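Engineer: Below: sequence and its predicted model.
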Amino acid sequence: MPALPLNPSSFFSVTDVAGVFAGAMSGALTARRNRDYHFDFVGVLGLGVITALGGGITRDILLQHGPPLAFTNVRYLVLALAGALLGLLWGSASSRRLDLLLVVIDAAALGFFAVAGSTRAEAAGFAFLPSVLMGIVTAVGGGALGDVFSGRSPRVFERGEPYALVAAIVSVLFVVCVRFSGNAQWSTLISMAAGFTIRMLALRFRWRTKAVRDAS
């Protein structure tokens with residue numbers, strides 16, 4: 001299959017930057033409302049930026065196709081800071097609407113990042129499994145780094161919400177659709193819609209992964 005073009009004005013760039021903005025808001029809101037640690041504005045903004053850009057930077061380093069996009073295109077840093085600042089300001093309020101907003105933003109960012117990661121891998125000519133893996137890394141990498149900088153183990157590795165599994169479903173669905181249909185736009189919309197729906201259902205019905213070994 002021919003490699004997908006990575007035009008800065010393409011549909012995929014829109015997906016990538018949307019994920020950065022949503023990820024920054026999600027990371028900042030989570031840090032702002034963290035009950036275990038008392039972050040100042042530097043901590044909230046920093047964790048928002050790390051959550052937004054960490055997965056993409058990790059992906060680009062693994063792809064080894066030049067410096068990470070976050071360091072060569074200033075719009076990524078600007079959008080990450082803007083999203084983190086918005087999360088900082090909105091996080092000062094506490095309401096059911098804000099809780100719902102955080103859930104929706106987080107679910108949307110998951111799909112954005114998974115598709116963007118797999119898109120970059122497809123454009124680089126990677127095989128099926130590496131393309132899926134890059135989508136997962138992009139989706140969960142920022143949150144995992146945010147957890148590490150917050151002083152805890154990455155939640156993606158612990159029992160609880162099936163975050164990484166949803167990212168894997170989005171990535172697999174996108175790569176399969178784009179390879180069979182050749183229509184990247186529809187493949188993106190279908191996979192992101194599926195990921196968002198599954199994520200929201202998991203939260204609604206409290207789907208949880210189980211620990212391999214129960215604590216005794």
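Structural biologist: All right, it came through fine.
Engineer: The residue nearest to the spatial centre of the chain: which element?
Structural biologist: Nearest to the geometric centre of the chain sits residue 139, at 3.4 Å (Cα atoms, centre = their mean). Per DSSP states H and E, residue 139 falls inside helix 128-149.
Engineer: Quick check: next helix or strand after that helix?
Structural biologist: Sequence order places helix 163-181 as the next helix or strand after helix 128-149, per DSSP H and E.
Engineer: How about that next one, which residues are buried there?
Structural biologist: Buried residues in helix 163-181, defined by neighbour count with 16 or more other Cβ atoms under 10 Å: 163-175, 177-178. Bear in mind the C-beta positions are built from the backbone N, C-alpha and C, glycine included.
Engineer: Equivalent analysis for stretch 103-118, please.
Structural biologist: Buried residues in stretch 103-118 (16+ other Cβ under 10 Å): 105-118.
Engineer: Inside helices: which ones of those?
Structural biologist: 105-118 (DSSP state H).
Engineer: Tell me the one among those residues nearest to residue 59.
Structural biologist: Minimum distance to residue 59 across these is 5.1 Å, recorded for residue 117 (Cβ to Cβ).
Engineer: Surely that closest one is in contact with residue 140?
Structural biologist: No: with contact defined as Cβ atoms under 8 Å, residue 117 does not reach residue 140; the gap is 9.8 Å.
Engineer: Spit out the residues that contact the two alike.
Structural biologist: Listed as contacting both residue 117 and residue 140 by Cβ atoms under 8 Å, 6 or more residues apart in numbering are residue 55.
Engineer: Specify the angle between the helix holding residue 139 and helix 163-181 in degrees.
Structural biologist: 150 degrees (axes from the mean of the first three to the mean of the last three Cα atoms, to 10 degrees).
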